[in-house]
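Chemist: Here is my input; please provide its structure:
(2 chains)
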Amino acid sequence: MKQLKWLLIIVSCAILTSCYSVRLRNVNGTPQPDPFSNRKDYYRGMAVVELDTIISIKITSKDFTYLIKEKEACESGKLNIIEYRNTFGGVLLSAITFGKKRKVTIKYVCEKPSN
Amino acid sequence: MDRYNDVATEIQRLIKETLDAGQGFRAYGSAWSLNNIASHKDRMHYNGFMNISMPIHDVDCHLNSNYDPTNLFLFECGNTIKEISETLAENGKSLKTSGASNGQTIAGCISTGVHGSALDVGSVQDYVVGLNLIIGPNKEDIVYIEPHSKPALSDEFATKLNARVIRDDNMFYAALVGLGGFGFLHGIVIEAEPMFLLKRYVKKMDKNIAFELASTMDFKNAVFTIPEETDSDGKGKRPYHFKIFINQYSDDPNCVVELMYKKAYQKHYPDPFPIIKESLYKDLIYLFVKLAENLPKSIPFLVKQLRNTILPTVNEETTGMLKEIFWDAPYQGPAFACSFGIDHKDSPKAMELFGKLTRDEGPIPGIFAMRFVKQTKATLGFTQFPITCMLEIDGVLWSESEKIMSLEHFSIRMIEVLQQNNIPFTLHWGKNNGWAFSGLLNHMYAENAVKWIDERKKLLSTDMYDLFSNGFLQTVGLA
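Modeler: Predicted coordinates for the structure are as follows:
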C-alpha cells in the first residue's frame, strides 16, 4: 500500500512537471492585432491562432513541418510569437506510437501586415 | 499615396454614413487609454491596420522650411510607436522620445499627450510638424494643418493628399493634443533625428537628494554623480531621462532612480535584451488584488514583497537605441494609473502630500513615480509647465469594498489635496482620474480651454462638431 502511494506521488509529479509551455517572440516586428479579442492574458488584443491536434506521419517519415499560412488571423503569413505546450500525454502518445502520432498544442501570433 | 488617399475616401464615406444616421464617430487605436477618451456609444473605427508610412523628400518641403527633409516622415494614424521606430531605424533615424513604451498608435499618443521622461525633449506631440485631418464627408474636408510660423510641407505635397492647406499656429497647436475632437486624424508628419543610443543606469539615491534634483533640475551641482557621466570638471552631466520611483509605504531613506544619458550611435554595443523575459504569475496578481480588497492593511507588505518585480534592478546598466530601451510592455492585465502634471518645483511637496494621503486614507495597491518633461506648445497639452513633473501612481486595479475606497474616490481626493495646497496641476488625458470633478477644466487650463474650443468650432461645421464629440469631452466640459 505504501509503495502504491509513493508510485502515485511520483506519477503525479511526472505528469505535473512534464506539462509546460515555452514561448518564443521576435524582438522586432509587431503582433497582428485583433480589436475584437477579449483575451486578458499575455495575448491581450492580439490575433491568436490556437492549434490543438494530433498529427499522424508516415512510418517512413522522420519528422514533419507544420506550415503557417496566410489567413484572416495571419495576414502576413509571418510569425511574431509562438508558444508550444508539452504535455505528459503528448510524450506518452508519441512514445507508444513510436513517434508516428504527435500531439501538437501551439498558439501563435503573426506579424502585423504592413501597407 | 493612392492607397493612402483611398483610405481617406473610405473614412469620408463612413463619416457621411454616420452623419446621415445622426450618430457620433470616434477613431481608436491600441486601446491603451485608461478612461473613455477613445470611445463612443455610437460608432467607433479601429485604426490599428492603417500603417502606411512614407519619407518626405526635399521637393516635398515648403520653400521656407527649416527642417532637414531627411528627418521628416509621414505616418498613417495606426502606426504604433514600435512600427515607426523600426521604419525610422531602417533609415538611420529615431524618434526623439516615446511614451516609455511602444504599443500605442501615433495618433493615440499625440491626441492624448503621451510622454516619456525626456526632460529637455518634451512629449510625443512636440516633434509633430503637420497634421492631416479628415473633418467631414466633402471634398474640401481633407485638411493639412501646420504652424504658420514653422512651415514644413509644400502646397504641392498637400495637393497629393487631396488636402486643403491651413497654416495657422493657433489652429495647429489646438489640434495637436486634439483629444479626438478635431476630426479623424489620418496622417501625422513628424520630425525624427539621427539614430542615437541611451545609456541607462538604475541607482539608489537618498530621497532628499532626489527631491532636490526634482525641484532644481540642477544635475551639474548635485551631490549625486555617476563617475562615467561627469564633465571634465567632475560635475554631473544633464541626463536625457530622469525618473524617481517612490514607495510611499517604505521608510527607507533611499529611493530608486532611473537615469539615461544620450550617446552617439555606434554599431557595436552590449545586447540590451536578456535571453529570456519572465512574466509574473497571473494568479499572483489576482491574489494581490483580493488581499488588497479584503485586507488593505497588507498592501504595504505586499508591495515590499513584490518590489523586485515592480521596480527596476538597482545598479543595472543597459545601452541601447530608444526602441530597445523602451521595448514591449510586459504586464497586460488590469491596471490603473493616475497621472498629474505639476511644475517640477512643486513636485517634492506634491509627492509628500500624495504619500501622506495614500498612507492615511489608503492604502492603495500602487506606488508613485516622478517623470520630467519639457513644456509643450499644444494648447491642451498637460505638460504645460517649463519642466512638468508627471507625478503618477500606477498599480493593479481593485474593486471598492467596505475596507478600501474606490479608485474614483481616491482620484478625487488627490485633486482636492492639490487644490487645498494651492499647487497648480493638470491631468494626463489618457489615464484614470476624477474627470467629472467640478470646475476641473477651468482650474487646469482656464483660457487655453476656451481657445481650444474656439479653434475647434472654427475648424468644424456644427454637424461635425457634434459628430466628433463624445462622452469624455462632454464630461470634462470641452463639448
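Chemist: mind listing the helices for the stretch 301-450 of chain B?
Modeler: For the stretch 301-450 of chain B, helices defined by DSSP state H, counting those that start in this stretch occupy the ranges B:307-310, B:322-325, B:347-361, B:407-420, B:440-445, B:447-459.
Chemist: Please apply the same query to chain A.
Modeler: A:2-17, A:88-96 (DSSP state H).
Chemist: Among the ones you listed, which one carries the weakest average confidence?
Modeler: Note on the helices of chain A: helix A:2-17 shows the lowest mean pLDDT, a mean of 66.
Chemist: Near chain B, which residues of chain A? Just list them.
Modeler: A:27-30, A:33, A:35, A:40-45, A:112-115 (CB under 8 Å from any CB of the partner chain). (Each C-beta comes from the backbone N, C-alpha and C, glycine too.)
Chemist: Kindly recompute the last result at 10 Å.
Modeler: Counting by CB under 10 Å from any CB of the partner chain, chain A comes close to chain B at A:22-23, A:25, A:27-36, A:39-46, A:75, A:112-115.
Chemist: What is the least confident helix or strand in chain A?
Modeler: Between all helices and strands in chain A, the lowest mean by mean pLDDT, DSSP states H and E belongs to helix A:2-17, at a mean of 66.
Chemist: residue ranges with poor pLDDT in the stretch 151-300 of chain B?
Modeler: Scanning the stretch 151-300 of chain B for pLDDT under 70 picks out B:281-282.
Chemist: What residues does it have near chain A?
Modeler: Residues of the stretch 151-300 of chain B lying near chain A by CB under 10 Å from any CB: B:271-273, B:276-277, B:279, B:282.
Chemist: out of the residues you listed, who has the most neighbours?
Modeler: For those, the largest number of neighbours (other CB atoms under 10 Å in any protein chain shown) sits with B:Pro272, at 17 neighbours.
Chemist: which residues in chain A form strands?
Modeler: Assigned by DSSP state E, chain A shows strands spanning A:20-25, A:48-56, A:79-86, A:101-110.
Chemist: re the thing from before, in a markdown table: the helices of the stretch 301-450 of chain B, plus mean neighbour count, distance to A:Val104 and mean pLDDT.
Modeler: Listed next are the helices of the stretch 301-450 of chain B as a markdown table, based on neighbours: other CB atoms under 10 Å in any protein chain shown; distance: least, CB to CB, whole Å; pLDDT from 0 to 100:
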| stretch | mean neighbour count | distance to A:Val104 | mean pLDDT |
| --- | --- | --- | --- |
| helix B:307-310 | 14 | 33 | 77 |
| helix B:322-325 | 22 | 33 | 94 |
| helix B:347-361 | 18 | 49 | 95 |
| helix B:407-420 | 18 | 43 | 96 |
| helix B:440-445 | 19 | 55 | 96 |
| helix B:447-459 | 17 | 54 | 97 |
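Chemist: ok, back up a step: make a markdown table from the strands of chain A and add mean pLDDT, distance to B:Ile299 and mean neighbour count to it.
Modeler: Compiled in a markdown table, the strands of chain A are given as follows (pLDDT from 0 to 100; distance: least, CB to CB, whole Å; neighbours: other CB atoms under 10 Å in any protein chain shown):
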| stretch | mean pLDDT | distance to B:Ile299 | mean neighbour count |
| --- | --- | --- | --- |
| strand A:20-25 | 91 | 31 | 12 |
| strand A:48-56 | 93 | 33 | 13 |
| strand A:79-86 | 94 | 33 | 17 |
| strand A:101-110 | 93 | 34 | 19 |
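Chemist: now the helices for the stretch 51-200 of chain B?
Modeler: B:81-90, B:106-112, B:155-160, B:169-176.
Chemist: Which one, of the ones you listed, ends up nearest to B:Ser339?
Modeler: helix B:106-112 (10.8 Å; CB to CB).
Chemist: Which strands or helices does the closest one pack on?
Modeler: Secondary-structure packing of helix B:106-112 (3 or more CB pairs under 10 Å, 6 or more residues apart in numbering or on different chains; DSSP states H and E): strand B:25-28, strand B:72-76, helix B:81-90, strand B:128-134, helix B:169-176, strand B:184-191.
Chemist: The closest residue to chain A within the stretch 151-300 of chain B in helix, strand or coil?
Modeler: Nearest residue of the stretch 151-300 of chain B to chain A: B:Phe273, at 5.9 Å (CB to the nearest CB). The three-state label for B:Phe273, taken from DSSP: H, G, I helix; E, B strand; the rest coil, comes out as coil.
Chemist: among the helices of the stretch 51-200 of chain B, which is the most enclosed?
Modeler: Of these, the one with the most neighbours on average (mean count of other CB atoms under 10 Å in any protein chain shown) is helix B:106-112, at a mean of 28.
Chemist: quick check: mean pLDDT across that one?
Modeler: On average, helix B:106-112 scores 96.
Chemist: who does the lengthiest helix in chain B touch, helix- and strand-wise?
Modeler: Determined from DSSP H, the single longest helix within chain B is helix B:2-20. On a contact count with 3+ CB pairs under 10 Å, 6+ apart, helix B:2-20 meets strand B:25-28, strand B:43-46, strand B:72-76, strand B:128-134, strand B:142-146, helix B:155-160, strand B:184-191, helix B:462-467.
Chemist: can you do 7 Å?
Modeler: strand B:128-134, strand B:184-191, helix B:462-467 (3 or more CB pairs under 7 Å, 6 or more residues apart in numbering or on different chains; DSSP states H and E).
Chemist: List the contacts of the following helix or strand past the last one.
Modeler: To tie it back to what came earlier, the one meant is helix B:462-467. Next in sequence after helix B:462-467, counting helices and strands by DSSP states H and E, comes helix B:471-476. Contacts with helix B:471-476, where a contact means CB atoms under 7 Å, 6 or more residues apart in numbering or on different chains, come from B:35-37, B:41, B:179, B:181, B:435-436, B:440-441, B:479.
Chemist: Mind checking which of the residues you listed are buried?
Modeler: Those of the contacts of helix B:471-476 that meet the buried threshold are B:35, B:37, B:179, B:181, B:435, B:440-441, B:479, by 16 or more other CB atoms under 10 Å in any protein chain shown.
Chemist: quick one, what contacts A:Ile57?
Modeler: If you count contacts by CB under 7 Å, 6+ apart, A:Ile57 has them with A:64, A:100.
Chemist: Tell me which residues touch the residue nearest to the spatial centre of chain A, please.
Modeler: Per CA atoms, centre = their mean, the C-alpha nearest to the average position across chain A is that of A:Ile106, at 1.9 Å. Going by CB under 7 Å, 6+ apart, A:Ile106 touches A:51, A:82-84.
Chemist: re earlier: ChimeraX command for the buried members of the residues of chain A next to chain B?
Modeler: A single ChimeraX command selects the buried members of those (16+ other CB under 10 Å):
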select /A:29,30,31,32,33,34,35,42,43,44,45,46,75,112,114
